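In: Sequence plus predicted model, see below.
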Amino acid sequence: MDHFSAIIGQSPALDSLIRSAKIVAATDVTVLLKGETGTGKEVFATAIQQASARADKPFITLNCAALPESLIESELFGHKKGSFTGATTDKQGLFQAADGGTLFLDEINSLPLSIQAKLLRFLESGECLPIGEIKPYKVNVRVISATNTDLNKQIEAGEFRSDLYFRLNVVPLELPSLAQRTEDIESLVKHFLALFEDAHNLTAPKFSKQALKTLKAYPWPGNIRELRNLCERLSILLAGRVIEPENLPAEFSAKIISNTPATTEFTLPETGLKLDTLEADLIHQALNRTKGNRSKSAKLLGISRDTLLYRMQKHGFAVPH
């Protein structure tokens, strides 16, 4: 059974990421999922857990930004009765509840510094200390964490412990934004429309070719989550209809208009051109400009690093194995 089949898309960037995630799933290594909000980090965390040897054990998630500092320590590690005002009973922490399984810590960048030290202790020793206790307990829990910010910048600002970062970042997996995998938009749209057709018992709408083209030109600041919400809205309001660009929210036409100068800087020669040759030449120029740095080259070209490696391989450039 392919536990990653719920992840929709066939873009090179996504394909490379799924291959890495499958390798990681077969181990117990600590994973850090990086990516913008709405890119599907929890979906990946779930797939990794389901494909692991811990699949039949607890899988517990916690959004570190959802709880105040005064509650998150008790939530994670538990507390002893009477250890603070309101602690009327002993409380089991999420680490205990997840024993033998996986704990997914979303938005780890929001974890308070005071709690970061206790999480580091667990990652180093497997020990957790409930509030009010003097004797720690040991559990066997795999930690998968996720961040939507650059933790290195938070480390520089004194907001995140560097030693904790190194413990969490054993295997980093970077999820591409939807704007970096626009070739997956049509597949995602079909998936979401079918999903909401069943959920709301309505005939799914269809996107015209021009509407799909409009979707692919949009920058998607909310990523897959934004696309999902759009599909649900249109499934209800325009059930059974053909969706044209004018049926899309105003921000879609506004973005396209604002992007027009940037997309028309290059003029197609009257005699035409060879697109493959142009692409290879642009990759060559980017690599020269960055002295072979593939990450910086990908940024110059507006694509993900994995997509750059795929296209380098396609054009016969030397690619590391």
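Out: Cool, the structure landed.

In: how many other residues sit next to T290?
Out: 15 (other CB atoms under 10 Å). No exception for glycine: its C-beta is placed from N, CA and C like everyone else's.

In: How about the one 5 residues further on?
Out: Residues contacting S295 under the criterion other CB under 10 Å number 10.

In: One more: K216?
Out: Neighbours around K216, by other CB under 10 Å: 15.

In: Could you look up the next helix or strand downstream of the helix or strand bottoming out on mean pLDDT in the chain?
Out: Lowest on mean pLDDT, DSSP states H and E among the helices and strands of the chain sits helix 250-263, with a mean of 61. Going down the chain from helix 250-263, the next helix or strand is helix 275-289, by DSSP states H and E.

In: Could you pull up the mean pLDDT of the following helix or strand past that next one?
Out: Scanning forward in sequence from helix 275-289 by DSSP H and E, the next helix or strand is helix 294-301. For helix 294-301, mean pLDDT is 86.

In: got the buried residues for the helix or strand following helix 294-301?
Out: Once the chain leaves helix 294-301, the next helix or strand it forms, by DSSP H and E, is helix 305-314. Buried residues in helix 305-314, defined by neighbour count with 16 or more other CB atoms under 10 Å: R305, D306, T307, L308, L309, Y310, R311, M312.

In: relative orientation of helix 305-314 and helix 275-289 in degrees?
Out: 120 degrees (axes from the mean of the first three to the mean of the last three CA atoms, to 10 degrees).

In: Against which helices or strands is helix 305-314 packed?
Out: Helix 305-314 sits against helix 12-25, helix 275-289, helix 294-301, with contacts defined as 3 or more CB pairs under 8 Å, 6 or more residues apart in numbering; DSSP states H and E.

In: can I assume E197 is in contact with K206?
Out: No: E197 is beyond contact range of K206, at 11.1 Å (criterion: CB atoms under 8 Å).

In: Show me the strands in this structure, by range?
Out: Taking DSSP state E to define them, one finds strands in the chain at 31-34, 59-63, 102-106, 127-128, 137-138, 142-147, 171-174, 206-207, 242-243.

In: Nearest to K274, out of those?
Out: strand 206-207 (31.1 Å; CB to CB).

In: That closest one pairs with which strands?
Out: Strand 206-207 pairs in its sheet with strand 242-243 (parallel), by DSSP bridges.

In: For the strand it pairs with, give me every contacting residue.
Out: P205, K206, F207, S208, A211, L234 (CB atoms under 8 Å, 6 or more residues apart in numbering).

In: from the chain's centre, how far out does that strand sit?
Out: 30 Å (CA atoms, centre = their mean, to the nearest Å).

In: How about stretch 39-49?
Out: Here stretch 39-49 is found 8 Å from its chain centre; the criterion is CA atoms, centre = their mean.

In: residues contacting R228?
Out: L188, F192.

In: i'd like the first residue to be 135 from this point on
Out: Got it, the first residue is 135 from now on, which makes the last one we talked about R362.

In: Next one: it from V323, what distance?
Out: In this view, R362 and V323 are 10 Å apart by CB to CB, to the nearest Å.

In: So which of the strands of the chain is nearest L327?
Out: Nearest of the strands of the chain (CB to CB): strand 340-341, 7.8 Å.

In: how deep is V177 tucked in, by neighbour count?
Out: 16.

In: confidence score at it?
Out: 95.

In: what do you get for L416?
Out: For L416, pLDDT reads 88.

In: Kindly confirm whether my reading is correct that it touches L435.
Out: Yes: using CB under 8 Å, L416 makes contact with L435 at a distance of 6.5 Å.

In: if you count what's nearby, which of the two comes out ahead?
Out: The residue with more neighbours, out of L416 and L435, is L435; 17 against 14, by other CB under 10 Å.

In: Leaving out sequence neighbours, find the closest residue to the more buried one.
Out: What sits nearest to L435 in space, not counting adjacent residues and going by CB to CB, 6 or more residues apart in numbering, is A420, at 5.4 Å.

In: Pull the residues that contact stretch 190-208.
Out: 176, 179-180, 183-184, 209-210, 221, 225, 227-228, 231-246, 248-249, 252, 265.

In: Going through those residues, which ones are buried?
Out: The buried subset of the contacts of stretch 190-208 (16+ other CB under 10 Å) comprises 179-180, 183-184, 209-210, 225, 227-228, 232, 235-245, 249, 252, 265.

In: got the helices and strands packed on helix 439-448 as CSV, with distance to P379 columns?
Out: CSV is the format used below for the helices and strands packed on helix 439-448 (distance: least, CB to CB, whole Å):
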stretch, distance to P379
helix 146-159, 26
helix 409-423, 25
helix 428-435, 27
